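In: below are the sequence and a predicted model for it; my questions follow.
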Amino acid sequence: MQSKKLFVFAALLIVASMLLAACQPAAAPAEQVAEKKVLKLNMGPGDIPTLDPALATDTSSNQIIELITVGLTRQNEVTTDVEPGMATGWTMSDDGLTYTFTLREDVPWVKYDAVSGEVQQVLDCEGNVRMVTAQDFVYGMLRTLAPATASDYAYVLAFALKGGADYNGGTLVDVATGEVIADPETFEGESAPIGPEVVAVQAIDNKTVEMTFNEAAVFNLNIAGMWVAHAMPSFQIDGDDCTEGKGDRWTETGFNVSYGPYALKEWVHDSYITLVKNPFWPGQDSVPVAKIDELTWLMLDDAPAFAEYEAGNIDVARVPQADMDRVKADPTLSAELLIAPDLCTYYYGFNTTAPYVDDVRVRRALSFAVDRQSLIDNVLKGGQEPAGWFSRPGLAGAPTRENYPDLGAKFDAEYAKAQLQEYLDEKGLTVADLDISLMFNTSSGHQKIAEAIQAMWKENLGVDVKLVNQEWKVYLSTIKGAETPQVWRLGWCQDYPDANNFIREVFAVGGSANTAEGGVPTGGVTWKNDTFEQGVLDAAREQDPEKRTQMYADLEKLIVVDDAIMIPIYWYTRVSTTKPYVERTFSVLGGLEHMEKWDIKK
Amino acid sequence: MGRYIVRRLLYLVVVLFVVSAITFGLMHAVPGGPFDREKALPPEIMANLEKRYHLDDPLVVQYANYLYDVFVPQFSTTATTISIEDDALLKFNVGGVYVRWMNFGPSFSSRSRTVNDIFRDQLPISIQLGILALLVALIIGMPMGILGALKQNTIFDYLGMSVAIFGVSVPVIVLGPILIWIFGVVLKVLPPTGWGAKPPYILGFIPSDLSWDGFWRFSIMPAIALGLGSSAIIARLTRASLLQVIREDYIRTARAKGLRENLVITRHALKNSLIPVVTILGPMFAALVTGTFVTELTFGIPGMGRYFVTSITNRDYPVIMGTILLYAFFLVIANLVVDIVYAYLDPRIRYD
Amino acid sequence: MTAQLNVESKHNLSGGQPLTQKRESLFADAFRRLLRNRAAVVGGSIIVILILLAVLAPVIAPAPYDLQVLDDQNTIPKWLTSVFPTMAPYARFSDSYPLGADYVGRDLLSRIIYGARISLTVAFIGPIISLIIGVTYGSISGFFGGRVDNVMMRFVDVLYAFPGLLFIILLMAFFRSTFSKPDPGSFSYAISQMDARMGGMLFIFIGIGLTAWETMARLTRGQVLSVREKEYIEAARTIGATNGRIMFNHILPNIVGPLVVAETLAIPGYISTEAFLSFIGIGVNPPTPSWGAMISDGAQVVRTYPNQTIFPALALAITMFAFNFLGDGLRDALDPRLRGTQ
């Protein structure tokens, strides 16, 4: 009896306090001096992993970093052209290996001050404003490469910069002579004592950065502008005479310093992040002064985010695949809908040494029996493009449909059946003898696609393919090891918009989907073709764009048709709805937007 | 009773130890590590990462270090810095001596946060949601169950049962979006997503702003969506248990003595019928607080639920260990409270 | 009245033979009373129908559960728009699917019929494992009390302190990688074959079973603790009943009521555990249908195509009603206090 009374009492208490709270006078409305332009968006579920440019790996981190800092070069998010960033200009040496960047000198480090509610310039020990200098960029790059930082994406700089790989790997090699410097202790954990003798990047003076690359590649300028090479504040991270070093905490609210068109106002983990316009960013054509005063990202899953969009609480939202039919049929929503290309490819890979799929005819059969358009229309519904090859059109060097209409894989059930039949006849097998498994990481999206393709193979070829799924991390280690299944799925998105980043970094020996040891493939597609290996090297160095595209077209034909080591399925798009009062650009860089170019016209 | 409680608390320590050992072993036995990425990392970078987080130490050493960090308090005369290594869940100052206790380690997925930060910021929200859901479950469930028992096999009984079944067979995944749509998008009376409470919290988990705007309007839908399923369980269990108790002899005696029916029920029947319900309450609360993943995902609530699941898929070892220990702690305490309440409810239960 | 008179009247009424009540076993009595409970009979019949549906699915279902007709995806029968008028602007119609088609054009009704298999298997195996292990464990613990009880319950605490979900996820990850490429003829091969035939559910069943029995153990123990102090237990002891006899004849029948009800209540829990596992992706291997997976798949389109989640949820609800009615009836039937009545 007492317990029941207790519960009733507690319930009454709750109700009473609710009523009391509701009766309180509403909070006084915030004072509005001028109409502030505020944009609300959604980042996606889960917290942003980090705002540290040296450590960032995923798109949500990069989105913020791209707005609060600027690289030496900047990639135009719509055209993918390389534009000036903090560097107003650059020169290249005759051998194409050394680049010299000239910086602007009028950009200060800034910080948001919660007490005054304003963005303020950061002062140094003498009370002068700290400006962004070449030394900050060099510090940033060396910090990324430092072994103690343990950065994931250091591999890009390690691969590109002379001496980078050795330093990142823990050995110090003199870049001029190639000799190993035998005193690692002085260099452990601190980036300051590392000099240009070890890693070929240096600040000639306050406004000049010189970088020497390993290859004379077209995409060196892209790499110079990547987030891992942005300027970083050594005074805030390691500290100096008048500032306490914040270490790994330097990205938190109140500690973060930046210099780009926006500054960090507030980051409440797992809830939201707010950027505020930086009035001290001088502005230039490629990175103008921001027009929107405040940007807030919520951290919701796609479905609740879209509900918020429909309720009018956020201004931009991705459209969940489940709602596509409804959105397309709705007059308001369909007008706000836009489907824009995204530089990613979804594909199935083959383990070319596994039973049954070790024969190229079986692989071709499976590839050409996939009705990609039907998949897109009926399952994906996002206006994606059927993929004929791997390096997505839009990347530098990648072939496009306009120029190469007959290239690559397409839906041709007759051809597929003929290829399979040839194989079966030669081996004396029937369709029922084929034991093939398709593996994917557990996710309802991949499952839907796999189920549809499984049915297509059954219908067009009569083959019963088994579907197996594995949890993500287990899956990753499976598809990169000796146990790679016969068919497996993956996607690849651009790190920098060049075909080299796609076809070479994924399928060359040692690549992401072709793991190797000592030059011998051991996992993934487990494939080596010498023509291909030489071809990607040549294509990376080719300077003439037309010739280069032709070279990549030939390479694509090799991996998609001749050797058929993978099935390109579709090229990504981004499907989103935007409120009509938002004037915006649409990025092709995997959703990495440059909001300083956006405006709100209410 | 006092000695019993002390003994149970000692067992708590043993339980935590065993749970941590099993989890640690299982965690490392499952293939895949925290730094396996789609774009495979070169071995040097992998080595860097492992060195940074001491994953290259022998497992026993890692485990011992972990236990040390969590269970042994650190004392120092200098103030705690903000650095990651220095962080701990409990930090206080006792007469000039700085005490740091319970450091659950850094998070592998988020470089600027520790597991302690995650607990401090996210756990109170899950606790708040859990408490509210439990209240919803009790407020809806118990009256329904009592009514069903008292009016067995009448229309009230069947109605109550129907609501209960509905609550259980419509999971949060389905009910959540429907609620959001009706109240958030169409009627616009409640915010579709979000949770008003923000750190800092009073007593570690009570939100500082308890107004309608700041808290309650965010919590109504999630609490109902989460609590409805549990209310069904409470309703059914209350009903079944009360039905059984009503047939006991002492109830018949009470009636025979001429006691009014409602006094018979409230003074005699209810208290004894609560044992199965109370049994369920403890684990139910623990499960509610830690099983909020879908509710939090659907309503965009920044609680601990997501960490439970994503830490496993990400192999974020410190977060896994921390959340498991947390869950174990909650459960053992909840069961202890349940056992104490047992003894109060039924004086015949003795603990030797 | 004197005793003698009583004896005489007894004798007189029955013509010389002592009048005794016919001895009925507990279960025969229970079954008789169960049959009189109309609601329980309805529930039981529904379950029998479901079992028949599950067994005869290939015969009854209008279409194979894995037949995809991509062009027909998300189509609905015309009568559905009168129930859900919001679907009118964008819905596509087809008459081949009584309840509509799912996102790849598979017939919902057929998948629901086949789905009964998985859901019923979970609904039976889960409680069986849980009851057998849990009740045994809990009764021993509660009956002996003292240190035995303490140690046993602490052990349960440790196991219980493991979030079942984590356990299942880790278990799945472990099993699926260990048994992914087994040699034919080995033990792991047999296990993975069994798993494949069950649509990938074997490890889920094992995981669910392993994580569910603790609640039953605790519940049983609480009940036993309460009941063992009762007078009739003392009475049984004084007349020399052994522990086993006390347990089976006296304690268990008195506690079985809430236990059975609690277990039938747990059945939706098992099914929603299976649904949740499907939701985070460790459920049945596609294309095997299960109501849980269908509900969570349909939940994503609940605003656009509500039929895809409502009908499996209805199937689930009906099954739950049935189990509940039956569970109630069982509890009433097994209650010894009502023995010989009705």
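Out: Done, it's in.
In: near chain C, which residues of the stretch 1-150 of chain B are found?
Out: Within the stretch 1-150 of chain B, the residues that sit near chain C (Cβ under 8 Å from any Cβ of the partner chain) are B:7, B:11, B:14-15, B:18-19, B:22-23, B:26-27, B:29-32. For glycine as for every other residue, the C-beta is placed from the backbone atoms N, C-alpha and C.
In: swap the cut-off to 7 Å and go again
Out: Residues of the stretch 1-150 of chain B lying close to chain C (Cβ under 7 Å from any Cβ of the partner chain) are B:11, B:15, B:18-19, B:26, B:29-31.
In: need the contact list for A:K602.
Out: A:K602 is in contact with A:Y581, counting by Cβ atoms under 7 Å, 6 or more residues apart in numbering or on different chains.
In: which SS state does it fall under?
Out: A:K602 carries the three-state label coil when classified by DSSP: H, G, I helix; E, B strand; the rest coil.
In: now it: how far from A:P580?
Out: Counting by Cβ to Cβ, to the nearest Å, the separation of A:K602 from A:P580 is 10 Å.
In: can you confirm A:E266 is in a strand?
Out: Yes. Secondary structure of A:E266, determined by three-state DSSP: located in a strand.
In: for chain B, see how far away C:G298 is.
Out: Relative to chain B, C:G298 is positioned 8 Å away (criterion: Cβ to the nearest Cβ, to the nearest Å).
In: for chain A, give me its nearest residue in the stretch 201-350 of chain B.
Out: Per Cβ to the nearest Cβ, B:P302 is where the stretch 201-350 of chain B lies closest to chain A, at 3.4 Å.
In: that residue and B:W195 touch, don't they?
Out: Yes. With the criterion set as Cβ atoms under 7 Å, B:P302 and B:W195 qualify as a contacting pair; they are 6.3 Å apart.
In: anything in contact with each of the two?
Out: Where contact means Cβ under 7 Å, 6+ apart, the residues bridging B:P302 and B:W195 through contact with each are B:I125.
In: three-state assignment of A:D342?
Out: A:D342 ends up strand, using three-state DSSP.
In: and for it, the neighbour number?
Out: By the other Cβ atoms under 10 Å in any protein chain shown criterion, the neighbourhood of A:D342 contains 23 residues.
In: excluding covalently adjacent residues, which one is nearest to it?
Out: Nearest-residue entry for A:D342: A:Y572, 3.9 Å, with adjacent residues in sequence omitted and distances by Cβ to Cβ, 6 or more residues apart in numbering or on different chains.
In: so residue 45, which of the three states?
Out: By default, I'm working from chain A. Going by three-state DSSP, the state assigned to A:P45 is coil.
In: oops, wrong one, chain C.
Out: When states are read from three-state DSSP, the local structure at C:S45 comes out as helix.
In: how much space separates it from C:L52?
Out: In this structure, C:S45 lies at 10 Å from C:L52, with Cβ to Cβ as the measure.
In: just C:S226 next, same as before
Out: C:S226 is 40 Å from C:L52, by Cβ to Cβ.
In: looking only at neighbour counts, state which of the two leads.
Out: Regarding C:S226 and C:L52, a neighbour count based on other Cβ under 10 Å identifies C:S226 as having more, with 20 against 12.
In: looks like that one contacts B:S273 (just checking).
Out: No. Assessed by Cβ under 7 Å, C:S226 is found out of contact with B:S273, at 10.9 Å.
In: residues touching B:G291, list them.
Out: B:G305.
In: so which helix or strand takes in the single nearest residue of the stretch 1-150 of chain C relative to chain A?
Out: Going by Cβ to the nearest Cβ, chain A is nearest to C:Y90 of the stretch 1-150 of chain C, at 3.3 Å. Element membership of C:Y90 [criterion: DSSP states H and E] is none; it lies in no helix or strand.
In: quick one: it and A:M324 touch, right?
Out: No. In this structure, C:Y90 sits apart from A:M324 without contact. The criterion is Cβ under 7 Å, and the distance is 9.6 Å.
In: how many neighbouring residues does A:A303 have?
Out: As a burial measure, the neighbour count of A:A303 was computed by other Cβ under 10 Å and equals 24.
In: repeat that for B:Q244.
Out: When neighbours are counted by other Cβ under 10 Å, B:Q244 registers 24.
In: sec struct for it, please.
Out: Secondary structure, three-state DSSP: B:Q244 is helix.
In: pLDDT below threshold where in the stretch 1-150 of chain A?
Out: When the per-residue scores of the stretch 1-150 of chain A are filtered using pLDDT under 70, the ranges that remain are A:1-34.
In: before we move on, back to that, out of the residues of the stretch 1-150 of chain B next to chain C, which touch chain A?
Out: Counting by Cβ under 7 Å from any Cβ, the members of the residues of the stretch 1-150 of chain B next to chain C that reach chain A are B:P31.
In: now the buried members of the residues of the stretch 1-150 of chain B next to chain C.
Out: Neighbour counting over the residues of the stretch 1-150 of chain B next to chain C (16 or more other Cβ atoms under 10 Å in any protein chain shown) leaves B:11, B:15, B:18-19, B:26, B:30-31 as the buried ones.
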